[in-house]
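Chemist: Below is the sequence, then the predicted model.
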Amino acid sequence: MDSSYDHRTVRWRFVNAMISIIAVVVMVALAYWARAQTRRDFVAYISSTTVVRSDIATSGNRVHVTDDTARQGSVAQTTISLQNSGRREIYANDFEKDMLFIFMNVDTLYSACIRKRHPDDISPHVSIKGDTIIVAKCLFNAADQVWLEVQSFSHSDMYPIIDPRIRIAGISEVTIRNFNNEAGYDDRFISVLVYALLISVLALILYEVVTAIIGGRRTRTGGSYPT
């Protein structure tokens with residue numbers, strides 16, 4: 001047989017390694033996809049921006065800030081997005097209690113309301129109690145999402161420090177993405193693929209090492225691969 005087709009050649013080692021890598025990635029992707037079809041997940045995104053005085057509306061339930069108030073501290077506008085990011089519905093009874101968002105370092109919570117929702121018929125009740133925003137538990141179907149807008153006043157220039165309290169049956173840990181403290185977040189699917197590729201590379205290295213050891217032993221013992 002032509003040596004170019006010999007399993008010991010670099011060319012066929014590379015082909016075999018690439019097939020192995022593709023197989024591992026495909027299997028991991030399929031396993032992740034199958035799990036994603038039945039997973040339950042809930043995520044809360046939190047981000048804050050300082051409100052400029054000229055941008056503050058004086059109507060509706062938005063706070064009116066005077067020049068004196070602005071000199072004494074800062075007003076922050078916080079957006080809290082709540083989303084059922086899983087593939088199964090989350091019923092109101094699945095929540096242990098109403099969702100709580102405790103603002104740790106603010107002096108006053110001025111307002112809290114729903115600014116956007118998907119779909120239009122999801123509308124949990126939102127209220128303020130002291131330093132806490134309370135979002136009533138309700139049905140979240142898959143991909144349902146609401147955006148809350150909160151305005152708060154603080155004598156410091158720091159963004160609000162928020163302590164979310166959300167517990168849901170069947171979800172070991174609710175995902176909290178606080179962009180006040182994080183630069184961003186990693187997509188889990190991409191992370192899974194990266195891990196799969198790392199495992200594949202390690203498998204390739206192990207394959208080359210084992211092949212070299214076996215080839216060396218056959219050379220020393222005068223053996224040969226079957227043709």
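Modeler: Structure received. Residues are numbered from 1 along each chain as shown.
Chemist: How about the secondary structure of residue 16?
Modeler: For residue 16, the assignment made with DSSP: H, G, I helix; E, B strand; the rest coil gives helix.
Chemist: Quick check: next helix or strand after the helix or strand of the chain with the lowest mean pLDDT?
Modeler: Within the chain, no helix or strand scores below helix 67-72, which has a mean of 54 by mean pLDDT, DSSP states H and E. Counting by DSSP states H and E, the element after helix 67-72 in chain order, helix or strand, is strand 74-83.
Chemist: which neighbours does that following strand have in its sheet, and in what orientation?
Modeler: Using DSSP bridges, the strands paired with strand 74-83 are strand 43-50 (antiparallel), strand 145-154 (antiparallel).
Chemist: what is the mean pLDDT for that strand?
Modeler: Averaging pLDDT along strand 74-83 gives 91.
Chemist: which parts of it are buried?
Modeler: 74-80, 82-83 (16 or more other C-beta atoms under 10 Å). The way it works is simple: take the backbone N, C-alpha and C, and place the C-beta from them, glycine included.
Chemist: Run through who's touching it.
Modeler: 42-51, 56, 63, 65, 69, 99, 101, 106, 110, 115, 133, 135, 140, 143-154, 156-157, 159-160, 162 (C-beta atoms under 8 Å, 6 or more residues apart in numbering).
Chemist: Got a quick PyMOL command for the buried subset of those?
Modeler: This is how PyMOL selects the buried members of these, with burial counted by 16+ other C-beta under 10 Å:
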select buried, resi 42+43+44+45+46+48+51+63+65+99+101+106+110+133+135+140+144+145+146+147+148+149+150+151+152+153+154+159+160+162
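Chemist: re earlier: any chance of the strands paired with strand 74-83 in TSV with mean pLDDT and distance to residue 127 as columns?
Modeler: Putting these into TSV (pLDDT from 0 to 100; distance: least, C-beta to C-beta, whole Å) gives the following:
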stretch	mean pLDDT	distance to residue 127
strand 43-50	87	17
strand 145-154	92	11
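Chemist: what about those, which gets the closest to residue 209?
Modeler: Ranking the strands paired with strand 74-83 by their distance to residue 209 (criterion: C-beta to C-beta) puts strand 43-50 first, at 42.2 Å.
Chemist: Convert that closest one to CSV, retaining C-alpha atoms only.
Modeler: What follows is strand 43-50, C-alpha atoms only, in CSV (Å, rounded to 0.1, in the frame of the first residue of the first chain):
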residue,chain,number,x,y,z
VAL,A,43,-32.5,36.3,34.0
ALA,A,44,-32.5,39.9,35.4
TYR,A,45,-30.4,42.5,33.7
ILE,A,46,-29.6,45.6,35.7
SER,A,47,-28.0,48.8,34.4
SER,A,48,-27.9,52.4,35.7
THR,A,49,-27.1,55.8,34.2
THR,A,50,-26.8,59.2,35.8
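Chemist: Could you chop the chain up by domain?
Modeler: 19-37+188-219, 43-178 (automatic domain parsing).
Chemist: Let me know which of the ones you listed is tucked in deepest.
Modeler: Mean neighbour count (mean count of other C-beta atoms under 10 Å) peaks for domain 43-178 among those, with a mean of 16.
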